[in-house]
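K.L.:
give the three-dimensional model of this entry:
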Amino acid sequence: MPKPVLGIMTLYLNNKKQLEERDIYERMIAEGKRLGLDTYVFTPADVHKDRRLLLAQIYDPHSGRWTRKWREFPDMIFDRCRVQRSERYLQLKQFRLQYTDLVYLNRPLSNKWAIHQQLARKAAFRPHLPSTELFDGFHSIKRMLKQNSLVYLKPINGTGGRGILRIEPVNRQGGLYLIEGRNHKRHIIPQQRVRLDRLEPRLSRWNMDNYIVQEGIPVQLPNGRVHDYRMLVQKNSQGIWEVTGCAGRIGAHRSVTSNLHGGGRAVPMKQLLSQWIQDEDHREKIIKQGEKLGLDIAAYLEESYGALCELALDLAINKDGRIYVLEVNPKPAREVFSRIGEKETYRRSIAKPMEYALWVYNTQINPKPQTDQKTEDKTENKTENKAKEGSA
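P.N.:
As a prediction, the model looks like this:
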């Protein structure tokens, strides 16, 4: 009997055909093999020009070797493609437009601004959303600064903390503001102190096409470093949303974000939260509220955009314990759990998409025929009667 086939779709990082998450794919393929899934990796650039075939990248967990082989299209596709400014991303868009008949475990989400607007449509989520508006000239920044003591400027399609600026007043009466952040290569830019009347010309040097202006949540620890929490929500082997885990992240020195790739470090959630919220009962209440919020958002976004199988939510928690959703990531990394030593959480974060894929195959693609209950009852009665006759 043929095994169900899962294709993990990704994008090459460059023209040398390097893959970003090869070690994660190796673990996923090994987990898939354990479950009975035939799993390979491919990119939209690997499609045969004339035939419905893919030049798949195949990993053998026993030998630890990667090979390439022409394969038929998979039964299911797990989309791990992240946004790129490249021809490769255009190939992804073309692939999804051309092959709409394939079964995708997850769908692309919109940009930060569109997701914020979508979440804001639901009244229950609004208290958990920082004030946000689309950048529309310097007046939008000035308006946000009047309403908030801290403001962030973020690219709507940015990842990893790239291109984020943080503005806060040093001296409101003197009209002096501190600007800091990261450039588009994720490098920390030098801090700048700028008067309000010089803020606009200084920011005009920064290309802010497709940016949002967002209320900043005060999350600086006593040592001056920012922190937040990464929550991973995934479908399980029954197709039900679950919180796989949540970990804290502390930003690098002088960093305005906590991203691990930007030099941040991971900390167990309870350990970090105890530095921020002293009361234990209050902490437990916050954790439960955060988990419910994560599950509700996952279900709502799936209802809004179509099939999803995992999401990561970046959460900020202020001193009062109020939870804010800073960002929703549909293609989450999971090494944060490995870095805090939660090996089982890390393993489950890799295994769950494989388990969910098997559930999709068994329930939607190749469901087992259901035996009629009356037929089952008749068969059981015949078996019982034969057993009685044999014992008589």
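K.L.:
backbone dihedrals for G290, please?
P.N.:
Torsion angles at G290 (phi, psi; degrees, to the nearest 10) stand at phi -60, psi -40.
K.L.:
please disregard the earlier target; I meant N318.
P.N.:
According to degrees, to the nearest 10, N318 has phi -80, psi -180.
K.L.:
excluding its backbone neighbours, what's nearest it?
P.N.:
Using C-beta to C-beta, 6 or more residues apart in numbering and skipping the chain neighbours, the partner closest in space to N318 is I217 (5.7 Å). From N, CA and C alone the C-beta is placed, and that goes for glycine too.
K.L.:
count the residues that sit near D209.
P.N.:
Neighbourhood size, D209 [other C-beta atoms under 10 Å]: 7.
K.L.:
if we can go back for a sec, wait, the residue nearest to N318 sits on I323?
P.N.:
No: contact criterion C-beta atoms under 8 Å: I217 and I323 do not qualify, at 9.7 Å.
K.L.:
look up how far H139 lies from E200.
P.N.:
9 Å (C-beta to C-beta, to the nearest Å).
K.L.:
ok, back up a step: next, show the common contact partners of I217 and I323.
P.N.:
Shared contacts of I217 and I323, defined by C-beta atoms under 8 Å, 6 or more residues apart in numbering, comprise A316.
K.L.:
residues contacting the closest residue to T257 other than its chain neighbours?
P.N.:
Nearest residue to T257, sequence neighbours excluded (C-beta to C-beta, 6+ apart): G161, at 3.7 Å. For G161, the contacting residues are 182, 186, 255-257, 259, 261-262, by C-beta under 8 Å, 6+ apart.
K.L.:
repeat that for 7 Å
P.N.:
Residues in contact with G161 (C-beta atoms under 7 Å, 6 or more residues apart in numbering) are 182, 186, 257, 259, 262.
K.L.:
what about the helices in the stretch 251-392 of the chain?
P.N.:
269-276, 280-305, 335-339, 343-360, 373-391 (DSSP state H, counting those that start in this stretch).
K.L.:
quick one: the second one to helix 269-276, angle?
P.N.:
For helix 280-305 and helix 269-276, the angle between their directions (axes from the mean of the first three to the mean of the last three C-alpha atoms, to 10 degrees) works out to 120 degrees.
K.L.:
for helix 280-305, what is the distance to the chain centroid?
P.N.:
15 Å (C-alpha atoms, centre = their mean, to the nearest Å).
K.L.:
just the mean pLDDT for it, thanks.
P.N.:
For helix 280-305, the mean per-residue pLDDT is 97.
K.L.:
quick one on the thing from earlier: of E200 and H139, who's got more company?
P.N.:
E200 (14 against 9).
K.L.:
just to be sure, that one is in a strand?
P.N.:
No: using DSSP: H, G, I helix; E, B strand; the rest coil, the assignment for E200 is helix, not a strand.
K.L.:
ok, it - contacts?
P.N.:
Contacts of E200 by C-beta under 7 Å, 6+ apart are F138.
K.L.:
quick check: it vs W206, distance?
P.N.:
From E200 to W206 the distance is 11 Å (C-beta to C-beta).
K.L.:
likewise L90?
P.N.:
26 Å.
K.L.:
any weak-confidence spans in the chain?
P.N.:
In the predicted model, the chain carries pLDDT under 70 at residues 1, 160, 172-174, 370-392.
K.L.:
pop the domain breakdown of it in here.
P.N.:
5-104, 115-127+221-365, 131-215 (automatic domain parsing).
K.L.:
deepest-packed of the ones you listed, please.
P.N.:
domain 115-127+221-365 (a mean of 18; mean count of other C-beta atoms under 10 Å).
K.L.:
gap between the two ends of it?
P.N.:
In domain 115-127+221-365, first residue to last residue: 30 Å (C-alpha to C-alpha, to the nearest Å).
K.L.:
centre of the chain versus it, how much separation?
P.N.:
8 Å.
K.L.:
double-check that the residue nearest to T257 belongs to a strand.
P.N.:
No: assigned with three-state DSSP, G161 falls outside any strand and is coil.
K.L.:
against E355, how distant is it?
P.N.:
According to C-beta to C-beta, G161 and E355 sit 31 Å apart.
K.L.:
likewise L232?
P.N.:
For L232 relative to E355 (C-beta to C-beta), the value is 15 Å.
K.L.:
same check, this time on D46
P.N.:
Where E355 is concerned, D46 sits at a distance of 26 Å (C-beta to C-beta).
K.L.:
ditto for A56
P.N.:
22 Å.
K.L.:
ok, now N329?
P.N.:
21 Å.
K.L.:
among the contacts of G161, which are in strands?
P.N.:
R182 (DSSP state E).
K.L.:
can you lay out the contacts of G161 as CSV showing distance to R71?
P.N.:
Listed next are those as CSV, based on distance: C-beta to C-beta, whole Å:
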residue, distance to R71
R182, 40
R186, 36
T257, 39
N259, 35
G262, 37
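K.L.:
from the contacts of G161, which is closest to R126?
P.N.:
Of all these, R126 sits closest to T257, with 24.0 Å by C-beta to C-beta.
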